[in-house]
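# sequence first, then the predicted structure:
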Amino acid sequence: MSRFVLTIPGTFKRPLQSDARTRLLTALQGADPEEVGSVPEELDVLTVDEDASTFVLRLEVEGDDRTAAQDAAVSAARSALDAAGYDEEDAPVGMPTVTAIDVG
């Protein structure tokens, strides 16, 4: 298995409130720092352009290949957005892009 960093673009159809942001980031980080979805310190997980209502999530996941990593990242993003109160209509996401791979 390899570790992949993926960038997932999306759009908020309603504003991201501070409590929802906290729930989103908490869901992405997870409770166990050893689990997939933990956030490396140097990774800026969430960037929001409030004027354009767009966002970018950057996630590190493990996968056998690019497709598996993309699926895992979208699943983690969707789960976190749902935990923050944003369903697929409230916060649609685009195609994830692999931005780094660690095959070690």
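Arrived safely. Model, not experiment: these values are computed from the prediction.

# how about Glu60: what's its closest non-neighbour residue?
Among residues not flanking Glu60 along the chain, Val5 sits closest, at 5.0 Å (CB to CB, 6 or more residues apart in numbering). The way it works is simple: take the backbone N, C-alpha and C, and place the C-beta from them, glycine included.

# was I right to think the one you found contacts Ala72?
No: Val5 is beyond contact range of Ala72, at 11.9 Å (criterion: CB atoms under 8 Å).

# dihedrals phi and psi, Ala68?
phi -60, psi -40 (degrees, to the nearest 10).

# show me what contacts it?
Taking CB atoms under 8 Å, 6 or more residues apart in numbering, we find Ala68 in contact with no residue.

# do you know how far the nearest residue to Ala83 once chain neighbours are set aside is from Asp64?
Spatial nearest neighbour of Ala83, chain neighbours left out: Ala27 (3.9 Å); criterion: CB to CB, 6+ apart. Note on Ala27: its distance to Asp64, by CB to CB, to the nearest Å, is 24 Å.

# average model confidence for stretch 60-67?
Mean per-residue pLDDT for stretch 60-67: 92.

# nope, stretch 12-32 is what I meant
Per-residue pLDDT values over stretch 12-32 give a mean of 86.

# which stretches of this protein form strands?
Assigned by DSSP state E, the strands in the chain fall at 2-11, 46-49, 54-63, 97-102.

# buried ones in the first one, by neighbour count?
Yep, that's strand 2-11 we're talking about. Neighbour counts over strand 2-11 (16 or more other CB atoms under 10 Å) mark 3-8, 10 as buried.

# turn the residues you listed into JSON lines, including distance to Val45.
As requested, the buried residues of strand 2-11 are exported to JSON lines (distance: CB to CB, whole Å):
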{"residue": "Arg3", "distance to Val45": "15"}
{"residue": "Phe4", "distance to Val45": "15"}
{"residue": "Val5", "distance to Val45": "11"}
{"residue": "Leu6", "distance to Val45": "11"}
{"residue": "Thr7", "distance to Val45": "11"}
{"residue": "Ile8", "distance to Val45": "10"}
{"residue": "Gly10", "distance to Val45": "13"}
